[in-house]
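Asks: Just a sequence and a predicted model for now, questions to come.
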Amino acid sequence: MFTLAQLTGFVAVAEELHFTRAAERLRMTQPPLSRQIQQLEQSLGVRLLERTNRSVRLTPAGRAFLNEARRLLRQAEQATVAVRQVATGEGGRIGVGFTAAAAHAGLGDLLSVARRVMPEAEVVLRELVTRDQVEALAEGSLDLGMVRPTAVGPDLRSRPASREALLAAVPLGHPLAAGEGPLVPADFHGQEFLMYSPVEARYFHELLISLFRADRVAPVFTQYLSQVHSILALVDAGWGVALVPESARRMRFAGVRFLPVELPDPEPVELALVWRAANDNPALHALLRGL
């Protein structure tokens, strides 16, 4: 089988049609170059060049092989670049999970960093609730998760990603929408309230329950939902009020007014990055370094 060095030598001779100039171009002497061409012809079983004392020219087989040799050299160069990019984290593939709410808070910044630090990498995005992300990370089908804080096993690592405030989402025309705010938890006592699911949206459910219990507030929970956009759609329809992450303001429902809420912790909503400790994907570690 021929070698890349033989292909390189053949392309140089074919383009220069002169052994001495081709050898100078390759920074080598002529005898080793001649041997490379002879070995290449022996490997292929055809003559690629016709040589005389005065000239060198390509045979029909040589002309046909020149395009193939160039293509093979390009592919070899591309393969070298690609594998080096994978090794440094600039290329390769990384699977990133995110919650629906994280798409409005944090995901855009993460993707900007990814494009900067690993421009040739393929980023595969998966929208999953926190519980499903943790399972996917544990089984190795996901490299990095953007999740709400949750208990993780010893095989996973995590670090804070961002924090944000809670806002009241109130239908236009509702009594709570009349003022300028800020509201306080007691304002929701007895109000029809769109609550987060204790299973699919456990983090937000427990966060709000703890806030209401601390102030002995008892809203009337009318629906339990898992996604912020679904909650806002029902607020827009006049089915109740809600508390949502500040980033949800970007969803822009015409019939919803967002008001600040005065809380002991001004930014109680947290987002975390989680990954498997044993994950050796260079793209993952390049992204974590860049964040």
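Replies: Nice, thanks for sending it over.
Asks: Let's verify Val274: helix, strand, or coil?
Replies: strand (DSSP: H, G, I helix; E, B strand; the rest coil).
Asks: Roughly how far does it sit from His104?
Replies: Separation of Val274 from His104 (C-beta to C-beta, to the nearest Å) stands at 19 Å. In this view, the C-beta of every residue, glycine as well, is placed from N, C-alpha and C.
Asks: Looking only at neighbour counts, state which of those two leads.
Replies: Of the pair Val274 and His104, Val274 is the one with more neighbours under other C-beta atoms under 10 Å, namely 23 against 19.
Asks: what sits against the more buried one?
Replies: Contacts for Val274 were tallied using C-beta atoms under 8 Å, 6 or more residues apart in numbering; they are 133-134, 137, 144-145, 147, 152, 156-158.
Asks: and it, bridged to which residues?
Replies: Beta-bridge partners for Val274, by DSSP bridges, are Gly145, Ser158.
Asks: And it, how close does it get to Phe98?
Replies: When distance is defined by C-beta to C-beta, Val274 is 11 Å away from Phe98.
Asks: OK, contacts around His104?
Replies: By C-beta under 8 Å, 6+ apart, His104 lies in contact with 245, 247-248, 250-251.
Asks: And the pLDDT at it?
Replies: At His104, the model reports a pLDDT of 87.
Asks: Same check on Gln78?
Replies: In this model, Gln78 is scored at 76, pLDDT.
Asks: Which SSE is immediately downstream of the helix or strand hosting it?
Replies: Applying DSSP states H and E as the criterion places Gln78 in helix 60-88. Note on helix 60-88: by DSSP H and E, the next helix or strand toward the C-terminus is strand 93-98.
Asks: thinking again about what came up before, residues that sit against both of Val274 and Phe98, list them.
Replies: 133, 145.
Asks: how many other residues sit next to Ile94?
Replies: The burial metric for Ile94, expressed as a neighbour count using other C-beta under 10 Å, is 23.
Asks: Show the backbone phi and psi for Phe193.
Replies: Main-chain torsions, Phe193, degrees, to the nearest 10: phi -130, psi 130.
Asks: OK, contacts around it?
Replies: Neighbouring residues of Phe193 by C-beta under 8 Å, 6+ apart: 219-222, 240-242.
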